[in-house]
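**Q** Sequence unavailable; structure follows:
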């Protein structure tokens, strides 16, 4: 968490800097015959100070690429980024004399406002979403591994249903039979061939005949509900109908409670397993959505920050030259 009790020193430092700058600006504004101007000595001082902080802010992206760098802990850089960034906005306002300007100056000020607001939004999200994610998701996983986990859930669900229905007629490609950390691990060719033969024999036995004996009507009912409702939810990008059907834990529980009333007792254990699978898939969807919220604001904040820095240098050169 970026904002917590350990941030007190940064908060106090930023507030002290803001107060000192405000006093200096107040005296400067009162004593200036023509009012505060960006081209005056004090105005330029505010501008240089604000620009220096902005340069430091943009260096955070470079710092993140080298986590083992001796240039201070990344957590300290993040806290400095937050509080010095807010201070820099005030300094630039003092530099401009609280005038929005025209042309390039106005563009820069609007960009800086959007960058600041997006940063505040990102800060709020980074302090809220991780706590919310802990509340909503019992089994959080690595975001990049979600597609692999979804594929495994789907294959496992196919297997559970085929214990009742036999072959579903679905081809998922080559079975991955030895895994460690989500990566296929093969040893020597003989081991691979032997393991593959065992898996193939087990799959063939399961697909050839049902392992749980129920009447044909019950098997067909399970097949229909699985292929039309459950399995479309167990893909990387479920359709809106599937997401709505399994949108909440209560929705998942209610759906499977209803399905249990339609199917005989021997199938209920399979339904229990499918319910757990669909609930895990639902949680993965929640995690993916929260992850996008947590990081999506950066697609506005970061590119705009570098564009703003470039235009700031253009503005400075242009102003000093003319």
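**A** Arrived safely, thanks for sending. What you see is a predicted model; the values in this text were computed from it and never measured. Numbering: from 1, shown residues only.
**Q** so residue 153 touches residue 279, yeah?
**A** No - contact between residue 153 and residue 279 fails when scored by C-beta atoms under 8 Å: they sit 10.4 Å apart. To be clear about C-beta, it is placed using only N, CA and C from the backbone, and glycine gets the same treatment.
**Q** So what's the residue count around the closest residue to residue 229 other than its chain neighbours?
**A** Distance criterion C-beta to C-beta, 6 or more residues apart in numbering; nearest residue to residue 229, sequence neighbours excluded, is residue 245 at 6.4 Å. Number of residues near residue 245 (other C-beta atoms under 10 Å) recorded here: 18.
**Q** right, and residue 245 touches residue 251 too?
**A** Yes - the pair residue 245 / residue 251 is scored as a contact, 6.7 Å apart, by C-beta under 8 Å.
**Q** Can you pull the residues that touch both of the two?
**A** Contact criterion C-beta atoms under 8 Å, 6 or more residues apart in numbering; residues shared by residue 245 and residue 251: none found.
**Q** Point out where the stretch 101-250 of the chain drops to low pLDDT.
**A** For the stretch 101-250 of the chain, residues meeting the criterion pLDDT under 70 lie at 171-209.
**Q** all strands for it, in order.
**A** 179-180, 183-184 (DSSP state E, counting those that start in this stretch).
**Q** Name the residues of the host helix or strand of residue 8 that are buried.
**A** Assigned by DSSP states H and E, residue 8 belongs to helix 8-31. By 16 or more other C-beta atoms under 10 Å, the buried positions in helix 8-31 come out as 10, 14, 17, 21, 25, 28.
**Q** do the same with stretch 163-172
**A** For stretch 163-172, a neighbour-count test (16+ other C-beta under 10 Å) marks 164-166 as buried.
**Q** Closest to residue 105 out of those?
**A** Using C-beta to C-beta, residue 165 comes nearest to residue 105 of these, at 69.8 Å.
**Q** chain center to stretch 11-30: distance?
**A** 37 Å (C-alpha atoms, centre = their mean, to the nearest Å).
**Q** and if you look at stretch 135-153?
**A** On the basis of C-alpha atoms, centre = their mean, stretch 135-153 sits 13 Å off its chain's mean C-alpha point.
**Q** And for that stretch, what's in contact with it?
**A** Under C-beta under 8 Å, 6+ apart, the answer for stretch 135-153 is 133-134, 172, 182, 234-236, 277, 280-281, 283-284, 286-288, 290-291.
**Q** ok, 10 Å please
**A** The set of residues external to stretch 135-153 that reach it, using C-beta atoms under 10 Å, 6 or more residues apart in numbering, is 129-130, 133-134, 172-173, 176, 179, 181-183, 233-238, 249, 276-292, 294-295.
**Q** Stretch 301-312 too?
**A** Stretch 301-312 has contacts (C-beta under 10 Å, 6+ apart) with 47, 50-51, 54-55, 57-58, 60-61, 85, 92, 104-105, 107-112, 114-119, 121-122, 298.
**Q** any idea which element the residue nearest to residue 56 when sequence neighbours are not counted lies in?
**A** Closest residue in space to residue 56, ignoring its immediate chain neighbours: residue 84 at 6.7 Å, by C-beta to C-beta, 6+ apart. Secondary structure assignment for residue 84, by DSSP H and E: helix 74-96.
**Q** can you give me how far that helix is from the chain middle?
**A** On C-alpha atoms, centre = their mean, the centre of helix 74-96 falls 24 Å from that of its chain.
**Q** average model confidence for it?
**A** Taken as a whole, helix 74-96 has a mean pLDDT of 90.
**Q** What residues does the closest residue to residue 232 other than its chain neighbours make contact with?
**A** Nearest residue to residue 232, sequence neighbours excluded (C-beta to C-beta, 6+ apart): residue 242, at 4.7 Å. Applying C-beta under 10 Å, 6+ apart, we find residue 242 in contact with 228-235, 278, 281, 285.
**Q** need the contact list for the closest residue to residue 220 other than its chain neighbours.
**A** The shortest distance from residue 220 to any non-neighbouring residue, by C-beta to C-beta, 6+ apart, is to residue 165 (7.7 Å). Residue 165 makes contacts with 158, 207, 210, 212, 214, 216, 218-224, 226-227, 267, 270, as judged by C-beta under 10 Å, 6+ apart.
**Q** what's the answer for residue 264, then?
**A** Contacts of residue 264 (C-beta under 10 Å, 6+ apart): 164, 212, 214-215, 217-218, 221-222.
**Q** Next one: it from residue 158, what distance?
**A** Between residue 264 and residue 158 the distance is 21 Å, computed by C-beta to C-beta, to the nearest Å.
**Q** circling back to that earlier point, among the contacts of stretch 301-312, which are in helices?
**A** Of those, the ones assigned to helices by DSSP state H are 47, 50-51, 54-55, 57-58, 60-61, 85, 92, 104-105, 107-112, 114-119, 121-122, 298.
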